[in-house]
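Novice: got a sequence here, can you build the structure:
(chains A and B)
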Amino acid sequence: MAGKPKLYYFNGRGRMESIRWLLAAAGIEVGSSVLKKTNDGALLFQQVPMVEIDGMKMVQTRAILGYIAAKHNLYGKDLKERALIDMYVEGTRDLIDLIRVHHKFSPEEQEKNLALINERATARYFPVYEKVLKDHGTEFLVGNQLTWADVQLIEAILMVEEKVSTVLSKFPLLQDFKTRICNIPTIKKFLQPGSQRKPPPDESYVVTANRVFNRK
Amino acid sequence: MAGKPKLYYFNGRGRMESIRWLLAAAGIEFVEEFLETREQYEKLLQDGALLFQQVPMVEIDGMKMVQTRAILGYIAAKHNLYGKDLKERALIDMYVEGTRDLIDLIRVHHKFSPEEQEKNLALINERATARYFPVYEKVLKDHGTEFLVGNQLTWADVQLIEAILMVEEKVSTVLSKFPLLQDFKTRICNIPTIKKFLQPGSQRKPPPDESYVVTANRLD
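Specialist: I've put the predicted structure just below:
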């Protein structure tokens, strides 16, 4: 079924943001639907994100990302490259998830979480990707063209920088990577005002999310 | 590089169990190195064997793979358990992410206080009977073959049978309203590789007990 993929989520980053990033990087235009309530038979496990794409109502963030990556040549050329991409995106996923939930915490917990984000970024994840770039010797994490792994890493880098602006100070190759990837035309466009990229969570985001998900 | 895959984890289910299930279902023999002391774990770290300083880690085909989903995806693709095309892959991915969420509720159960465990048990039961099992019951009904996707065993079936058995250990009557899942369970458990895995002496691990908690905490 032709037509733009349609994203069902609320008007914020949350779990949908990585999907917006990947579609944007692939140059795929999207239509959006902003959710009012979540009790709808269109949601396989009663959850969003949900993306209507190619006749399917896809749920589960990783499933959606994997489908988009495979369909748009962002998943490597063979099983071994896929394995590397999967390892790398699972790593950046863990880092992104630390930031994704940050706004839900009390100010005291946020202070601890910020320290954890900084520690994980600078001691666990970024050293790995710095080394991959060093050893691999191309512009990209895997193979010699853009893959899902690169897109999710640039998303993670920018998210961490919003919290810790100097986080890349000890990672020169990641700094170069950031510059290069942000200059790719589709990504450059996504980073400009007016794109479908969402801002970081603020007060009204928390209120809406709680209302949609029926949280106390 | 030939040779059996080697699994690095502690001697318990945890995040590695799904990998044991999938390898067993595929008929792949594997060996295990059990982490029992902090020193073993630190040696792996120092050797640079753990990409993100975490286990599970599986040495397979010349790689030191980490991240449970990455490992499972590789095994599934390599052993023809990932469907025949992109659309089947998409369905399998959706289904395994669903059962992953259910398995994760049970995986952490032993870490809770008795009071929290009571709440968690109710949540496990609710999610299984109101969110996940109705979906798979309907998939089997609509799909009309013996399997969740296509017409042969896939990763989705293996992870579902793992989830069913895990929930049944906590709520023995959980399949009472799901006749197609009951048939599914019987059929899948009779597949020779899986039947073998379910017999005593296999590499399947028992549910967490006291000593498991102590060992895991020591490594942390």
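Novice: only C-alpha atoms for contact and neighbour calcs from this point on.
Specialist: Noted.
Novice: what packs against the longest helix anywhere in chain A?
Specialist: Longest helix in chain A, counting residues (DSSP state H): helix A:79-100. Under the contact criterion of 3 or more CA pairs under 8 Å, 6 or more residues apart in numbering or on different chains; DSSP states H and E, helix A:79-100 touches helix A:107-119, helix A:148-163, strand B:63-66, helix B:68-78.
Novice: which residues sit against the third one?
Specialist: Surrounding strand B:63-66, the residues in contact under the criterion CA atoms under 8 Å, 6 or more residues apart in numbering or on different chains are A:83, A:87, B:49-52, B:54-59, B:71.
Novice: and the helix or strand of chain A with the lowest mean pLDDT, how far out from the chain's middle?
Specialist: Lowest on mean pLDDT, DSSP states H and E among the helices and strands of chain A sits strand A:31-34, with a mean of 72. Put simply, strand A:31-34 sits 18 Å off its chain's centre (CA atoms, centre = their mean, to the nearest Å).
Novice: in its sheet, what does it sit against?
Specialist: strand A:6-9 (parallel) (DSSP bridges).
Novice: how about the partner strand as CSV, C-alpha atoms only?
Specialist: Provided in CSV are the C-alpha atoms of strand A:6-9 (Å, rounded to 0.1, in the frame of the first residue of the first chain):
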residue,chain,number,x,y,z
LYS,A,6,1.5,7.5,9.5
LEU,A,7,2.8,7.8,13.1
TYR,A,8,0.5,7.5,16.0
TYR,A,9,1.9,8.9,19.2
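Novice: what mean pLDDT does it get?
Specialist: Taken as a whole, strand A:6-9 carries a mean pLDDT of 94.
Novice: would you mind listing the buried residues in stretch A:157-168?
Specialist: Buried residues in stretch A:157-168, counted by 16 or more other CA atoms under 10 Å in any protein chain shown: A:157, A:159-160, A:164, A:167-168.
Novice: what about that stretch, start to end distance?
Specialist: Distance between the boundary residues of stretch A:157-168 (CA to CA, to the nearest Å) amounts to 8 Å.
Novice: most widely separated two among the buried residues of stretch A:157-168?
Specialist: A:159 and A:168 (11.9 Å; CA to CA).
Novice: what about residue A:116, neighbour count?
Specialist: By other CA atoms under 10 Å in any protein chain shown, the residues close to residue A:116 number 15.
Novice: revised request: answer the last question for residue A:108.
Specialist: 8.
Novice: repeat that for residue A:169.
Specialist: Look at residue A:169: counted by other CA under 10 Å, it has 10 neighbours.
Novice: and the pLDDT at it?
Specialist: So, for residue A:169, pLDDT stands at 98.
Novice: how about residue A:186?
Specialist: Confidence score, pLDDT, at residue A:186: 98.
Novice: and for residue A:99?
Specialist: Looking at residue A:99, the pLDDT reads 96.
Novice: for residue A:212, same thing?
Specialist: So residue A:212 comes in at 77 (pLDDT).
Novice: and residue A:126, by the same measure?
Specialist: 98.
Novice: cool, residue A:1 as well?
Specialist: pLDDT, residue A:1: 46.
Novice: residue A:36 now?
Specialist: 58.
Novice: now do residue A:39
Specialist: Reported pLDDT for residue A:39: 55.
Novice: cool, and the one 4 residues further on?
Specialist: Model confidence at residue A:43, expressed as pLDDT, equals 93.
Novice: that one: how many residues sit nearby?
Specialist: Neighbour tally, residue A:43, other CA under 10 Å: 18.
Novice: separation between it and chain B?
Specialist: Here the criterion is CA to the nearest CA, to the nearest Å. By it, residue A:43 lies 11 Å from chain B.
Novice: pLDDT below threshold where in chain A?
Specialist: A:1-2, A:34-40, A:215-216 (pLDDT under 70).
Novice: again, only using 50
Specialist: A:1 (pLDDT under 50).
Novice: okay, now the domains of it?
Specialist: With the TED database as the criterion, the domains of chain A are listed as A:6-72+A:191-213, A:79-183.
Novice: how far off centre is the last one?
Specialist: Just to be clear, that refers to domain A:79-183. For domain A:79-183, the distance to the chain centre is 10 Å (CA atoms, centre = their mean).
Novice: ok, the buried residues of stretch A:157-168 vs chain B, which is closest?
Specialist: residue A:157 (16.5 Å; CA to the nearest CA).
Novice: ok, the residue most central in space within chain A to chain B distance?
Specialist: Note on chain A: the residue nearest the mean C-alpha position is residue A:18, at 2.6 Å, using CA atoms, centre = their mean. For residue A:18, the distance to chain B equals 16 Å [CA to the nearest CA].
Novice: one more: residue A:72?
Specialist: 11 Å.
Novice: neighbours around that residue, how many?
Specialist: Residues near residue A:72, counting by other CA under 10 Å: 17.
Novice: do the same with the one 4 residues further on
Specialist: Burial of residue A:76 is recorded as 22 neighbouring residues (other CA under 10 Å).
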